[in-house]
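Undergrad: A predicted structure for the sequence below; I have some questions about it.
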Amino acid sequence: MRQSIVHWFKFASPQSFYPLAGRMIPWFWAAAAIFGVAGLWISFFVAPTDAQQGEGYRIIFVHVPASWMSMFIYLVMAFWAGLGLALNTRVSGMMAQALAPTGALMAALSLLTGALWGKPMWGAWWVWDARLTSELILFFLYLGFMALQAAIDDPRRADKAGAILALVGVVNIPIIYFSVKWWNTLHQGSTINLNKAPSMAQTMLWGMLLMALAFWMYSIAVALMRVRAIILERERHTEWVKHAVE
Amino acid sequence: MQWNSVGEFFAMGGYALYVWGSFGACAVLMIAEPFLARRRLSEVRKILARERLADELDLQQKNQ
């Protein structure tokens, strides 16, 4: 037990995490590519035409994964930020910083693809519906987190300030998730529930899950790429970085 | 498969703009982001390599 804790703490140091991240990146890219190809194949060639929405429903194969990831990345970001705040581990703050732009990208894609779905289905690009508005707030939380960190020169202080913002913002995640239940929204309720069978065709469900896995693997790969850059930027005056870049 | 021709596939039952707009936006942004991340890493590396060279030159001058 003790041994394994020590083992994990080893990777809390930038010096050992930097090469580890480098070794993991290709595997996550490979997984993202495999899931992506399979997911796209199902999205366009296996999943049947929807009875109500025709071919327009195929937008959900990117909209739902992007929306899930935008919420999930926020939780992971807040987790790392909180861990950094509590334990003062250096890599935690860097991980939070590396995840924010990817989370913002997912939130932007969720809003963009949602608008592209809303126009033909609802007749409006945008409505001030609880689900849409709380997702927009999530996008602004990511931007606020990045702006706040960019405005503070000392990275350790930037981490602390960002962590508080990230942790306060966590309250928005259940609001997004349950918004379709709590309020009478135009946005449809969830099609996938843990306690009942999904209300969609099996192949559609598989397409969506594979695409979600692809987005997930993509997010890990790109966040690891960014964290490597952040590690070098922040640790540039240390001896190990001078030797790491030969 | 429900497509009878390539044209039908691209037409997406009249939803071409919305479907291809969505998938296209995802493709563009999700290709751009890793490139930006990679550029950021290579820029830091370039700076570090320059600093290292400067250090070495300093050391040479001191030794002379």
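TA: Arrived safely, thanks for sending.
Undergrad: can you list the low-confidence ranges for chain B?
TA: B:1 (pLDDT under 70).
Undergrad: stretch A:147-161: how far from the chain's middle?
TA: 21 Å (CA atoms, centre = their mean, to the nearest Å).
Undergrad: same question, stretch A:24-33
TA: For stretch A:24-33, the distance to the chain centre is 16 Å (CA atoms, centre = their mean).
Undergrad: give me the residues contacting stretch A:46-57.
TA: A:58, A:61, A:117, A:120-121, A:201, A:203-204, A:207, B:1-2, B:12-15, B:18-19 (CB atoms under 8 Å, 6 or more residues apart in numbering or on different chains). C-betas here are computed from N, CA, C, even on glycine.
Undergrad: just the helices in chain A please.
TA: A:2-10, A:14-41, A:60-87, A:90-122, A:130-151, A:155-169, A:172-182, A:202-234, A:239-244 (DSSP state H).
Undergrad: quick one, the lengthiest helix in chain B and helix A:202-234 angle?
TA: Ranked by residue count, the top helix of chain B under DSSP H comes out as helix B:16-63. With axes from the mean of the first three to the mean of the last three CA atoms, to 10 degrees defining the directions, helix B:16-63 sits at 20 degrees from helix A:202-234.
Undergrad: what about helix B:16-63, near chain A?
TA: Yes. Counting by CB under 8 Å from any CB of the partner chain, contacts between helix B:16-63 and chain A involve B:17-19, B:21-23, B:25-26, B:29-30, B:33-34, B:37-38, B:40-41, B:43-45, B:47-49, B:51-52, B:55.
Undergrad: give the buried subset of those residues as a ChimeraX selection command.
TA: To isolate the buried subset of the residues of helix B:16-63 next to chain A in ChimeraX, counting by 16 or more other CB atoms under 10 Å in any protein chain shown, use the following:
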select /B:18,19,21,22,23,25,26,30,33,34,37,40,41,44,45,48
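Undergrad: so how far is residue A:143 from the residue positioned nearest the centre of chain A?
TA: Here the mean C-alpha position of chain A is nearest to the C-alpha of residue A:73 (CA atoms, centre = their mean), at a distance of 3.0 Å. Separation of residue A:73 from residue A:143 (CB to CB, to the nearest Å): 14 Å.
Undergrad: next: residue A:175.
TA: 18 Å.
Undergrad: and if you look at residue B:29?
TA: Distance from residue B:29 to residue A:143, by CB to CB: 15 Å.
Undergrad: the nearest residue to residue A:60 once chain neighbours are set aside: what's it in contact with?
TA: Counting by CB to CB, 6 or more residues apart in numbering or on different chains, residue A:60 lies nearest to residue A:208, which is 6.5 Å off, once chain neighbours are set aside. Contact analysis of residue A:208 by CB under 8 Å, 6+ apart lists A:60-61, A:64-65, A:192.
Undergrad: among the residues you listed, who's most crowded?
TA: Across these, neighbour numbers were computed from other CB atoms under 10 Å in any protein chain shown; residue A:65 holds the maximum, 28 neighbours.
Undergrad: wait, that one touches residue A:218, no?
TA: No. Contact between residue A:65 and residue A:218 fails when scored by CB atoms under 8 Å: they sit 9.5 Å apart.
Undergrad: pretty sure residue A:207 sits against residue A:36.
TA: No. Contact criterion CB under 8 Å: residue A:207 and residue A:36 do not qualify, at 11.4 Å.
Undergrad: ok, the two, which is more surrounded?
TA: residue A:207 (27 against 18).
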